[in-house]
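Asker: prediction below, plus the sequence it came from.
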Amino acid sequence: MNLCNISSRTWTLVLLSALLLGVAYTYYTSGQYRSTFVEGGAEKTAPNSHSSMEKTKQSSGCQGEAVLKSQELHLVAPDHLQYKQPSILVGRTDVVTVTPWLAPVVWESTFDPLLLDSIYKPQNITIATTVFAVGKYIRFLRDYLNTAEQHFFVGFRVHYYVFTDQPNKVPTVKMADGRQLTVRQVPSSKRWQEISARRMELIQTLIEADLLGQVDYIFCLDVDSRFHGRWGTESLGPLVAVIHPGYYADQRSRFPYERRPESRAYVGPGEGDFYYCGGAFGGLVPEVRLLAKTCRLNFEADAKRGIEAAWQEESHLNRYMWINKPSKVLSPEYLWQDFKSRTPEIRIIRFSGVVKNYAEIRPNV
Ligand code: UD2
């Protein structure tokens, strides 16, 4: 063995170790952050849900061991829980239950409510919901709240945040234990487009001031709607979008995306996945904060150049969800419209927009 041989082996070892370290570092950093699309925005990256993981002891069957706890990545079922046997051969065949990026599409009979509730119950999660009831829309609030008490995350901690210009008209609704309501006063507006569009800004502010680190999930919903069936733990995920009931059978060329390239909400021909509704979206609080912030910044950048996207924040949300793929997609069962007759694939309507006379309830036409 000469000196020359030793040094070339040593060099090979050093180089291999450096290569391995490099690969490990790239893998680690790419897992830490989820890249996002913020045109004109300050933020380029966002914490991934992995970062909220904490090491903790919990009763997972691994008594005494430290295990990873995360609402999304480590689903712990109670020992000895009895439920229907799952199958990978028998299930719904009339609808698609997974997106091309492998996110579940939630339809009736694709999940086991007992199993899911049993997984999430011990986590003691809190779900915030935001709802805007400005001007004449205050009339929808009572039904919205009453039906939410019957169907929305029953048995879980829910905190309703009502944004209204008429706090004195917020109805008193009997709520189950662990559920509460907070009223936030907002200015009235002469344009419905402005009310609808400002929601993102107010949601972002609420999250940053009150919800981060306090609440687990948030759902932002339209007030002119009622719950008719279960909306629960099956809807939980880091970033959750709802398919709009009006367009799910259409070609994407027909989706009412913003089509002017000069808008930050632009989605071009041959682009886009589904058409999602602005009336319902949600997920983990940090993810929804990023969504709200991005949509608000892009909305404001458009406004500075005199552009208002075709469907205000719904257009910006669609653009966002195209780039930042939702981790769970809720079928139109989760936002139907009362005027639409039910189609065979809709086995249950869980939440549905009421029929309204736009000319009568909106401040402008
Ligand atoms: C669609 C969307 C809605 C929004 C809008 C375009 C669905 C089912 N609905 O609904 O989310 O994207 O198009 O901007 O996806 N509001 C008030 N006072 C008003 C007007 C609106 O409080 O005077 C609030 C209220 O919470 C209402 C929401 O804004 O639920 C959306 O407004 P909308 O219901 O008039 O819009 P709509 O039904 O066309």
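Answerer: Arrived safely, thanks for sending. Residues are numbered from 1 along each chain as shown.
Asker: what about residue 362, distance to residue 137?
Answerer: Distance, residue 362 to residue 137, by Cβ to Cβ, to the nearest Å: 9 Å. Where C-beta positions appear, they are placed from N, C-alpha and C, glycine not excepted.
Asker: what does the stretch 201-350 of the chain put close to the ligand?
Answerer: For the stretch 201-350 of the chain, the contact set with the ligand under Cβ under 6 Å from any ligand atom comprises 222-224, 244, 277-279, 311-314, 335.
Asker: where does this structure have low pLDDT?
Answerer: Within the chain, the stretches with pLDDT under 70 are 1-72, 365.
Asker: which residues of it fall in helices?
Answerer: Using DSSP state H, the helices of the chain run over residues 3-32, 113-120, 141-151, 192-206, 285-304, 312-323, 358-361.
Asker: just how off-centre is the second one within its chain?
Answerer: Think helix 113-120. 19 Å (Cα atoms, centre = their mean, to the nearest Å).
Asker: show residues contacting it.
Answerer: Contact with helix 113-120 is made by 71, 75-78, 81, 83, 155-156, 230, 232-234, 236, as judged by Cβ atoms under 8 Å, 6 or more residues apart in numbering.
Asker: quick check on these: which are buried?
Answerer: Buried subset of the contacts of helix 113-120 (neighbour count, 16 or more other Cβ atoms under 10 Å): 71, 76, 156, 230, 232-234, 236.
Asker: wait, isn't residue 284 in contact with residue 219?
Answerer: No. Using Cβ atoms under 8 Å, residue 284 is not in contact with residue 219; the gap is 11.2 Å.
Asker: residue 196 - how many residues pack around it?
Answerer: 20 (other Cβ atoms under 10 Å).
Asker: gap between the nearest residue to it once chain neighbours are set aside and residue 199?
Answerer: What sits nearest to residue 196 in space, not counting adjacent residues and going by Cβ to Cβ, 6 or more residues apart in numbering, is residue 312, at 4.9 Å. For residue 312, the distance to residue 199 equals 9 Å [Cβ to Cβ].
Asker: wait, doesn't residue 277 sit right on residue 335?
Answerer: Yes. Here residue 277 lies in contact with residue 335, judged by Cβ under 8 Å, at a distance of 5.2 Å.
Asker: anything in contact with each of these two?
Answerer: Residues touching both residue 277 and residue 335 by Cβ under 8 Å, 6+ apart: 242, 244-245.
Asker: between those residues, which sits nearest residue 319?
Answerer: Comparing the shared contacts of residue 277 and residue 335 against residue 319 with Cβ to Cβ places residue 244 closest, at 14.3 Å.
Asker: how deep is the closest one tucked in, by neighbour count?
Answerer: Residue 244: 23 surrounding residues under other Cβ under 10 Å.
Asker: repeat for residue 346
Answerer: Considering only other Cβ under 10 Å, residue 346 is surrounded by 18 other residues.
Asker: do residue 120 as well
Answerer: Residue 120 has 23 neighbours, counted by other Cβ under 10 Å.
Asker: over to residue 157?
Answerer: 17.
Asker: residue 219 contacts residue 281, doesn't it?
Answerer: Yes. If you go by Cβ under 8 Å, residue 219 and residue 281 touch, sitting 7.4 Å apart.
Asker: joint contacts of the two?
Answerer: Both residue 219 and residue 281 are contacted by residue 240, under the criterion Cβ under 8 Å, 6+ apart.
Asker: more neighbours: the two, which one.
Answerer: With neighbours defined as other Cβ under 10 Å, residue 219 and residue 281 compare such that residue 281 has more, 28 against 25.
Asker: is the more buried one in contact with residue 292, as I believe?
Answerer: No. In this structure, residue 281 is not within contact of residue 292 by Cβ under 8 Å, at 9.5 Å.
Asker: do stretch 352-365 and the ligand meet?
Answerer: Yes. Contact of stretch 352-365 with the ligand (Cβ under 6 Å from any ligand atom) involves 353, 362-363.
Asker: leaving out chain neighbours, which residue sits closest to residue 347?
Answerer: residue 108 (4.3 Å).
Asker: same question for residue 86.
Answerer: Nearest to residue 86 is residue 112, by Cβ to Cβ, 6+ apart, at 7.6 Å.
Asker: quick check: the one you found vs residue 177, distance?
Answerer: Per Cβ to Cβ, residue 112 is found 25 Å from residue 177.
Asker: neighbours of residue 189, how many?
Answerer: 17.
Asker: who's in contact with it?
Answerer: Per Cβ under 8 Å, 6+ apart, neighbours of residue 189: 134-135, 195, 198, 363.
Asker: and if you look at residue 192?
Answerer: Contacts of residue 192 (Cβ under 8 Å, 6+ apart): 362-364.
Asker: please, where are all the strands along the stretch 151-300 of the chain?
Answerer: According to DSSP state E, counting those that start in this stretch, the stretch 151-300 of the chain carries its strands in the segments 157-164, 179-185, 217-221, 225-227, 239-243, 276-284.
Asker: tally of neighbours for residue 163?
Answerer: The tally of other residues near residue 163 (other Cβ under 10 Å) stands at 22.
Asker: contacting residues around residue 150?
Answerer: Residues counted as contacts of residue 150 (Cβ under 8 Å, 6+ apart) are residue 227.
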